[in-house]
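1. Sequence and predicted structure, then a few things I'm wondering about:
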Amino acid sequence: MFSEELEKIDWEETTKAIYSKTENDVLRALGKEHCDVDDFMALVSPAASKYLEPMAQLSKKYTEERFGKTISMFIPLYITNSCTNSCVYCGFHISNPMARTILTEEEIVNEYKAIKKLAPFENLLLVTGENPAKAGVPYIARALDLAKPYFSNLKIEVMPLKTEEYAELKEHGLNGVICFQETYNKAHYNIYHPRGMKSKFEWRVNGFDRMGQAGVHSIGMGVLIGLEKEWRTDITMMAYHLRYLQKHYWKTKYSVNFPRMRPAENEGFQPNVIMSDRELAQVTFAMRIFDHDVDISYSTREPAYIRDHMAALGVTTMSAESKTEPGGYYTYPQALEQFHISDDRTAVEVNAALKHIGREPVWKDWDASFDLFGSK
């Protein structure tokens, strides 16, 4: 399990290693065909900030060699905001006074139909809070069953499950799982996750092993930028994790995300660091140079100008016209959001913007190059 490997990697020593990197270390990493985690540390270090342009060009080169000019499009659907966790930064925090919703089967289907009217989405991400008693595996399985007539590719972002539960959901059409570790800093983890199942660090970080053991086709991972001041260290830990997973579950595809914190509904928690646009670009380029094949995803948390710019330089997957409230597409359009989005363009507008910069939006399948708006 990765928790055992993580015990061997010291947070403070890793931070020191990153900040000790020199321009020569950066140039050496840029000159290598295949980078290791030590090279990744150089590429995310302050020393690399002078080299954004060559990093961008190298990132673009590797991206186009592997993915062409396609951008896979998906849409998230929150089917419940009921949650038993106490994450201090989240709008679904159990103590947050807000209406709790668990969509009925009829409401879920209505949401599916409403999404299909926005754009020819085939890639759906089902999202829940963590309330296994009221919205557990049977509820998620049913939502997957109901989705199959409308969408060809189904992923979930839910609480970490057992290996056999992931395997069960595969029987209901599950293709992929996304789970954010939030932070790999075990010493601080419970500051942000004081109660609930999410407070169990090892259970969450080892969830990716359980996905791999179940043979999940696609695994998405990420850290929440803003929890830890040293975001470079957190993302380096994710790079270690990615390499571990690729070694042990080599048939699985992987994606990464670097969500920057936005105000949550409770608005009590202030980010410990604000990642700049340049820093987001740097870590995106670094990840692409580190791993040519990993899928890099930007959500509508990011503003339109960032998403459009990075779509040509390293990003390969994007959401569009997202709602982060349960039933937000049809049933409860005015419900409280988990977090605020920054890119509020319609899916059609995002499609046009991507085409304008020479990208090909892919609507049919996360693993196929197909454009249902007309071109292939």
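-> Happy to help now that I have it.
2. Excluding chain neighbours, what is closest to the residue nearest the centre of the chain?
-> The centroid of the chain falls nearest to N257 when counting by Cα atoms, centre = their mean (4.0 Å). With Cβ to Cβ, 6 or more residues apart in numbering as the criterion, N257 has its nearest non-adjacent residue at 3.7 Å, and that residue is G222. No exception for glycine: its C-beta is placed from N, CA and C like everyone else's.
3. With I75 instead?
-> F121 (4.8 Å).
4. Next, count neighbours for the one you found.
-> A total of 25 residues lie near F121 under the criterion other Cβ atoms under 10 Å.
5. hang on, isn't L118 packed against S322?
-> No. The criterion here is Cβ atoms under 8 Å, and L118 misses it with S322 at 10.3 Å.
6. ok, then the element right after the helix or strand containing E279?
-> Using DSSP states H and E, E279 sits in helix 277-290. Counting by DSSP H and E, the next helix or strand C-terminal to helix 277-290 is strand 295-298.
7. contacts for that following strand?
-> 72, 220, 253-257, 284, 287-288, 306-307, 310-311, 314-319, 366 (Cβ atoms under 8 Å, 6 or more residues apart in numbering).
8. Mind checking which of those are in strands?
-> 72, 220, 253-257, 317-319 (DSSP state E).
9. which among these gets closest to V44?
-> V256 (12.7 Å; Cβ to Cβ).
10. how much space between the closest one and P46?
-> V256 sits 21 Å away from P46, going by Cβ to Cβ, to the nearest Å.
11. same question, A17
-> Taking Cβ to Cβ, one finds A17 at 13 Å from P46.
12. For these two, indicate the residue with more neighbours.
-> Shown here are A17 and P46; by other Cβ under 10 Å, A17 has more neighbours (17 against 12).
13. list the contacts for that one?
-> Here A17 is in contact with 38, 41 (Cβ under 8 Å, 6+ apart).
14. ranges for the strands of this structure?
-> So, for the chain - with DSSP E - the strands run 70-78, 123-127, 153-157, 174-182, 218-223, 253-257, 295-298, 317-319, 360-362.
15. Tabulate the ones you listed (CSV), appending mean pLDDT and distance to I341.
-> Output for the strands of the chain, formatted as CSV (pLDDT from 0 to 100; distance: least, Cβ to Cβ, whole Å):
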stretch, mean pLDDT, distance to I341
strand 70-78, 97, 10
strand 123-127, 97, 13
strand 153-157, 97, 15
strand 174-182, 97, 17
strand 218-223, 98, 16
strand 253-257, 97, 14
strand 295-298, 97, 12
strand 317-319, 97, 9
strand 360-362, 95, 18
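16. now the angle from the longest helix along the chain to strand 253-257?
-> Using DSSP state H, we find that the single longest helix of the chain is helix 231-248. For helix 231-248 against strand 253-257, the angle by axes from the mean of the first three to the mean of the last three Cα atoms, to 10 degrees is 170 degrees.
17. any residues touching helix 231-248, and which ones?
-> In contact with helix 231-248 (Cβ under 8 Å, 6+ apart) are residues 2, 5-6, 9, 11, 14-15, 18, 37, 40-41, 44-45, 181, 183-185, 205, 208-209, 212, 219, 221-223, 225, 227-228, 252, 254, 256, 258, 273, 275, 279, 283, 287, 290-291, 294.
18. got the buried residues for that helix?
-> 231-246 (16 or more other Cβ atoms under 10 Å).
19. Pick out whichever of those sits closest to V26.
-> R232 (13.3 Å).
20. how close does the closest one sit to F151?
-> 37 Å.
21. what does M237 give?
-> 33 Å.
22. Ok, E228 next?
-> Taking Cβ to Cβ, one finds E228 at 35 Å from F151.
23. before we move on, the earlier item: could I have the longest helix of the chain exported to CSV, CA atoms only?
-> Taking C-alpha atoms only, helix 231-248 is exported to CSV below (Å, rounded to 0.1, in the frame of the first residue of the first chain):
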residue,chain,number,x,y,z
TRP,A,231,2.2,23.3,-2.6
ARG,A,232,5.4,22.2,-4.4
THR,A,233,6.0,19.5,-1.8
ASP,A,234,2.4,18.3,-2.0
ILE,A,235,2.5,18.0,-5.7
THR,A,236,5.9,16.2,-5.5
MET,A,237,4.3,13.7,-3.2
MET,A,238,1.6,13.2,-5.8
ALA,A,239,4.3,12.6,-8.4
TYR,A,240,5.7,9.9,-6.1
HIS,A,241,2.2,8.4,-5.8
LEU,A,242,1.7,8.5,-9.5
ARG,A,243,4.9,6.6,-10.2
TYR,A,244,4.0,4.0,-7.5
LEU,A,245,0.6,3.4,-9.0
GLN,A,246,1.9,3.1,-12.6
LYS,A,247,4.4,0.5,-11.4
HIS,A,248,1.8,-1.6,-9.5
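24. Between helix 277-290 and that helix, find me the angle.
-> 20 degrees.
25. ok now helix 231-248, how far from the chain's centre?
-> 14 Å (Cα atoms, centre = their mean, to the nearest Å).
26. rewinding a little: contact partners of the helix holding E279?
-> 29-30, 35, 37, 39-40, 43-44, 48-49, 52, 55-56, 58-59, 62-63, 225, 231-232, 235, 239, 256, 258, 260, 294, 296, 302, 306, 309-310, 313-315.
27. I'd say F269 and H93 touch.
-> No. The criterion here is Cβ under 8 Å, and F269 misses it with H93 at 9.2 Å.
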